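Chemist: no FASTA, just this:
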């Protein structure tokens, strides 16, 4: 979904099929932790600015007014908010006065690698846009739909004494991006498994089924390359950028 040609820069137009929004807030510090799901937008101002780090995760992009109100609450740039709802973005990083904006492409999440079968051999992959804002004491993430690869980060946040609980918002942003990158490995393993099967089958058969699977495999590989490759430049921009939001200690991890 793109805004109409000639529209004012920063216009927020949501897709008609975008899902309703839900807000999840995690607040923490070395000794404090608070986790609240399905937060009402009107109560959100009461929850921010009272802990070392506040992570607000918005799932669903179906309400332009809510997206704008969250942007106003955290002083997020309108051009970045426009990119949040235009979900065709490549991975990138941009700097603004008091926050950084990052777009990543999250692959489908596979909880376990299963044995390949005919259905998996014709699997068509897709990626989801994850938009991330990082400020001095907050991270705001927007994702298209329920389900993500961030559960490992949430579990680490619950445990006192973990480095993430003693670090700032920039380290949380790194941890979320690290989870996105790690989520590609099971996908690549499954693609490799399917290619191995095709390598065996193509020597024995030239049927339409095998040819269709070859085309599907090529499409998946092309999609993965288009999704993954821009992440290199995005991470490089975070490392080499001039923003004071990313500390030297977090740069090491990036």
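Modeler: Ah, there it is. Nothing here was measured: the structure is a model prediction, and the numbers come from that model. Numbering: from 1, shown residues only.
Chemist: the strands in the stretch 51-200 of the chain, which residues?
Modeler: When assigned using DSSP state E, counting those that start in this stretch, the strands of the stretch 51-200 of the chain occupy the ranges 53-59, 92-95, 100-106, 128-134, 138-143.
Chemist: which of those strands sits closest to residue 46?
Modeler: strand 53-59 (11.4 Å; C-beta to C-beta). Every residue, glycine included, has its C-beta placed from N, CA and C.
Chemist: might you report the residue contacts of residue 8?
Modeler: By C-beta atoms under 8 Å, 6 or more residues apart in numbering, no residues touch residue 8.
Chemist: separation between residue 27 and residue 72?
Modeler: Computed with C-beta to C-beta, to the nearest Å, the distance linking residue 27 and residue 72 is 20 Å.
Chemist: I'd say residue 79 and residue 11 touch.
Modeler: No: Residue 79 sits out of contact with residue 11 when judged by C-beta atoms under 8 Å, with a separation of 9.9 Å.
Chemist: that older thread, neighbour count for residue 27 and residue 72, which is higher?
Modeler: Just comparing residue 27 and residue 72: by other C-beta atoms under 10 Å the higher neighbour count belongs to residue 27, 22 against 11.
Chemist: just the buried positions in the helix or strand containing the more buried one, please.
Modeler: Using DSSP states H and E, the element containing residue 27 is strand 22-28. Residues of strand 22-28 classed as buried by neighbour count (16 or more other C-beta atoms under 10 Å): 23-28.
Chemist: equivalent analysis for stretch 136-149, please.
Modeler: Using 16+ other C-beta under 10 Å as the burial criterion, the residues of stretch 136-149 that qualify are 137-144, 148-149.
Chemist: which of those residues sits closest to residue 253?
Modeler: Proximity of the buried residues of stretch 136-149 to residue 253 (C-beta to C-beta) peaks at residue 139, which lies at 15.0 Å.
Chemist: tell me the contacts of that closest one?
Modeler: With C-beta under 8 Å, 6+ apart, residue 139 has these contacts: 53-56, 132-133, 169, 172-173, 176.
Chemist: so which of those residues comes closest to residue 107?
Modeler: Closest to residue 107, out of all of the contacts of residue 139 and judged by C-beta to C-beta, is residue 176, at 14.2 Å.
Chemist: my guess is the closest one meets residue 150, correct?
Modeler: Yes: counting by C-beta under 8 Å, residue 150 is a contact partner of residue 176 at 6.1 Å.
Chemist: quick one: contacts of the strand holding residue 27?
Modeler: Strand 22-28 is contacted by residues 33-41, 44, 47, 50-60, 146, 154, 157, 165 when judged by C-beta under 8 Å, 6+ apart.
Chemist: strands paired with that strand, and their directions?
Modeler: According to DSSP bridges, strand 22-28 has the following sheet partners: strand 33-36 (antiparallel), strand 53-59 (antiparallel).
Chemist: nearest to residue 231, of these?
Modeler: Closest approach to residue 231 among those (C-beta to C-beta): strand 53-59, 20.0 Å.
Chemist: for residue 202, state which of the contacts of residue 139 is nearest.
Modeler: Set against residue 202, the nearest of the contacts of residue 139 by C-beta to C-beta is residue 176 (39.6 Å).
Chemist: let's have the buried residues of stretch 136-149 in TSV, adding distance to residue 224 and pLDDT.
Modeler: Putting the buried residues of stretch 136-149 into TSV (distance: C-beta to C-beta, whole Å; pLDDT from 0 to 100) gives the following:
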residue	distance to residue 224	pLDDT
137	35	95
138	31	97
139	26	98
140	27	98
141	22	98
142	23	97
143	19	96
144	18	94
148	18	93
149	15	94
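Chemist: where in the protein is pLDDT low?
Modeler: Within the chain, the ranges that satisfy pLDDT under 70 run 1-4, 6-7, 110-123, 205-208, 242.
Chemist: rerun at 50
Modeler: Low-confidence segments of the chain, defined by pLDDT under 50: 112-121.
Chemist: what number of residues lie near residue 39?
Modeler: Neighbour count for residue 39, taken as other C-beta under 10 Å: 17.
Chemist: all set now, cheers.
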